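Asker: for reference, the sequence and a predicted model appear below.
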Amino acid sequence: MQHPVEQPFVYEMADMKALDCFPENILIEILSYLNVRELVRNGRVCKRWKRLVKDQRLWRVVDLSTWKGVTSRVLWVLLRQYLGRGLRYLRLRGLLLSARGGAFLSEPWLQTLASKCPRLFRLSLLHTDLRGLPSCSLLPPTLQILELHGCEVPPGFFTQNPPVTSELDHPVVAASNGQNKPPVSSSFSGITIETLILDNVPSFTNQHLQSLNLWGRLSRLELRDMIRVTASGLRSCAPPGVQALSHLKHLEMDTGSRKQMAALGLGEGWVGLESLGLGGREVSPGLLCLSRLPDLRWLRLRSCRLTEMMVLRSCRMLKELRRLEFWQVEFVIESRQGETEGGGEREESEREREESSENDPVPNLRRSLATLLPKCSVLFTQCTVTENMD
C-alpha cells in the first residue's frame, strides 16, 4: 500500500522532469520571473539548476528591498556566488528602521561590488544608514544614477574624496609621494553620477547641496521632502557662482507635509535649466519664479491645487516651453451666476462640461495655453475639477 505522503513528491519529480525537457534559454526565461530569494532557493534543486541560477542574465536587475531578512552576511553570500558582470541595477533596503540595527554596507563590500560588477550603473538604497561611510566616492565608480530613500548621510558625504590625513602631518611621505604623482586639478571630477534622487533624507542640508558643485556630470537632481534644504541654499547653487551646479539641466522639488518654500530659491534665475518639476507645497512658490527661467522647455506640476489664472500668469513668459504636464492636479474653477439664472452663460458652461474629459478636464485652459504658447504641448494625468461656489 502506497503511503499518501509520497504522492505530492511524485508529482514534483514529474514536474521537474518535464521542465528538464526545455532548453536552457527557456528555463532561464522562466526563472527570471522569480524574486531573488526564490531564485537562490531553486538553485538547490539540482546541479543543472544551480548552474542556471548563476547565469548573469538573471542578475541584471536585482531588487532586495522586499527581502526583510537581508543582512551584511547575506549580501556577502550574494556578491560572492551570484552577482557579477551582468548586474546593472541594484536596489537594497537597509537596517535603519530595523530593531536589529548594525552595519549594513561596508567599505570592503563596496570595493568588491565595484570590482565584480563593472557594469553597475544604478543603485537605489532604502532606509540605509550611510553615516559609517565617510564619502560617496567609496561607491562603485561606474554609477550613473544614485537614489537615496529614507536614508541618513554624514557631513561631507557628497564631497569628492574621503577625508585623509593631512600631508602637513607627514612631510616626508608627502615629499616622496609628490615625486611620483602629478598635481591634481581642483576641477577634476571623479564622481560620474548623472542623476541624484533624494527622498526624505533628514540629514541632507544646504552644505550637502552646495558640495554637489564638484560633480561634473550631474545633470538631474530630484529633491523630495528635504526638510533642511532652504531657499537660500538653493539660491547659492544657481549659476553663475562659486558653488553653482552649472551642469544641471533637470530639477525636481516636491514637499508634501511641510511648507519649506525652497523653490523660492529659483527667483534669482537659473541659467541652463531646461526642465523643472514642482510638487505639493513647492508649486506655489515655484510658480512665482518661472519668469526667471528663460531656458525652461519642460514643466511638470503635480499634487496641488491650481486655478486657470495662476497657470496663465506664471507661464506667459515661458516662450521656449515645449511641454507642460499636470499630474494629479485639482483645478478650482469659479461658479458662474448664469448657471442659476439661465441664458447664454449656462449653455456655454454645459458645452464646456461636455467637451471635458479625463485627458482634457479643463478645455478652456488648454485653449488659452494654445494661444499663449503655440509651440507647447499640454498633458493632463489624473486631474480633477472642483467648482468654487463662493
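Answerer: Happy to help now that I have it.

Asker: what mean pLDDT does stretch 37-48 get?
Answerer: Model confidence over stretch 37-48, given as mean pLDDT, is 83.

Asker: pull the CA atoms of it into PDB?
Answerer: Extracted as PDB, the C-alpha positions of stretch 37-48 are listed here (Å, rounded to 0.1, in the frame of the first residue of the first chain):
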ATOM      1  CA  ARG A  37      15.100  34.700  -2.500                       C
ATOM      2  CA  GLU A  38      13.100  32.100  -4.600                       C
ATOM      3  CA  LEU A  39      15.900  32.200  -7.200                       C
ATOM      4  CA  VAL A  40      18.500  31.200  -4.700                       C
ATOM      5  CA  ARG A  41      16.300  28.500  -3.200                       C
ATOM      6  CA  ASN A  42      15.700  27.000  -6.700                       C
ATOM      7  CA  GLY A  43      19.500  26.700  -7.100                       C
ATOM      8  CA  ARG A  44      19.400  23.900  -4.700                       C
ATOM      9  CA  VAL A  45      17.200  21.600  -6.800                       C
ATOM     10  CA  CYS A  46      20.000  20.000  -8.800                       C
ATOM     11  CA  LYS A  47      23.400  20.700 -10.300                       C
ATOM     12  CA  ARG A  48      21.900  21.900 -13.600                       C
END
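
Asker: mind listing what's buried along that stretch?
Answerer: Judged by neighbour count (16 or more other Cβ atoms under 10 Å), stretch 37-48 contains these buried residues: Leu39, Val40, Asn42, Gly43. C-betas here are computed from N, CA, C, even on glycine.

Asker: contact partners of that stretch?
Answerer: In this structure, residues lying in contact with stretch 37-48 by Cβ atoms under 8 Å, 6 or more residues apart in numbering are 16, 20, 31, 34, 49-50, 52-54, 58, 67, 78, 82.

Asker: from the chain's centroid, how far away is that stretch?
Answerer: 32 Å (Cα atoms, centre = their mean, to the nearest Å).

Asker: can you check stretch 117-133 too?
Answerer: 13 Å.

Asker: start and end of that stretch, how far apart?
Answerer: 20 Å (Cα to Cα, to the nearest Å).

Asker: what comes up buried for stretch 378-387?
Answerer: Judged by neighbour count (16+ other Cβ under 10 Å), stretch 378-387 contains these buried residues: Val378, Phe380, Cys383.

Asker: what about it, start to end distance?
Answerer: For stretch 378-387, the first and last residues are 22 Å from each other (Cα to Cα).

Asker: and if you look at stretch 265-284?
Answerer: Start to finish, the residues bounding stretch 265-284 are 13 Å apart (Cα to Cα).

Asker: going forward, the N-terminal residue is numbered 20.
Answerer: Okay, using 20 as the starting number, the last item reads as stretch 284-303.

Asker: buried residues, it. List them.
Answerer: Burial within stretch 284-303, assessed by neighbour count using 16+ other Cβ under 10 Å, is assigned to 284-286, 289, 292-303.

Asker: rewinding a little: can you list the buried residues of stretch 56-67 in TSV and add distance to Leu337 and secondary structure?
Answerer: Conversion of the buried residues of stretch 56-67 to TSV gives the following (distance: Cβ to Cβ, whole Å; DSSP: H, G, I helix; E, B strand; the rest coil):
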residue	distance to Leu337	secondary structure
Leu58	49	helix
Val59	52	helix
Asn61	54	helix
Gly62	55	coil
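
Asker: as JSON lines, these with distance to Leu109 would be great.
Answerer: Formatted as JSON lines, the entries for those read as follows, by distance: Cβ to Cβ, whole Å:
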{"residue": "Leu58", "distance to Leu109": "15"}
{"residue": "Val59", "distance to Leu109": "15"}
{"residue": "Asn61", "distance to Leu109": "21"}
{"residue": "Gly62", "distance to Leu109": "19"}
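
Asker: quick one: low-confidence parts of the stretch 270-409 of the chain?
Answerer: Across the stretch 270-409 of the chain, the stretches falling below the confidence threshold (pLDDT under 70) are 354-377, 409.

Asker: can we see that at 80?
Answerer: Of all residues in the stretch 270-409 of the chain, those with pLDDT under 80 make up the ranges 276-279, 353-378, 407-409.

Asker: next one: phi and psi at Leu98?
Answerer: Main-chain torsions, Leu98, degrees, to the nearest 10: phi -70, psi -40.

Asker: likewise Phe350?
Answerer: Summarising the backbone geometry of Phe350 under the convention degrees, to the nearest 10, its torsions are phi -90, psi 130.

Asker: burial of it, as a residue count?
Answerer: 20 (other Cβ atoms under 10 Å).

Asker: so it makes contact with Arg385?
Answerer: No: with the criterion set as Cβ atoms under 8 Å, Phe350 and Arg385 do not qualify as a contacting pair; they are 11.2 Å apart.

Asker: which SS state does the nearest residue to Ala133 once chain neighbours are set aside fall under?
Answerer: The spatially closest residue to Ala133, leaving aside those adjacent along the chain, is Pro159, at 4.0 Å (Cβ to Cβ, 6 or more residues apart in numbering). Secondary structure, DSSP: H, G, I helix; E, B strand; the rest coil: Pro159 is coil.

Asker: and Pro159, how far from Trp128?
Answerer: When Cβ to Cβ, to the nearest Å is applied, the distance between Pro159 and Trp128 equals 11 Å.

Asker: do Leu267 as well
Answerer: From Leu267 to Trp128 the distance is 31 Å (Cβ to Cβ).

Asker: and those two? which has more neighbours close in?
Answerer: With neighbours defined as other Cβ under 10 Å, Leu267 and Trp128 compare such that Leu267 has more, 22 against 15.

Asker: just to revisit the earlier point, dump the buried residues of stretch 397-406 to JSON lines, plus distance to Ser230 and secondary structure.
Answerer: Putting these into JSON lines (distance: Cβ to Cβ, whole Å; three-state DSSP) gives the following:
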{"residue": "Val397", "distance to Ser230": "37", "secondary structure": "strand"}
{"residue": "Phe399", "distance to Ser230": "38", "secondary structure": "strand"}
{"residue": "Cys402", "distance to Ser230": "38", "secondary structure": "coil"}
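
Asker: if anything else comes up later, I'll come back, but that's it for now.
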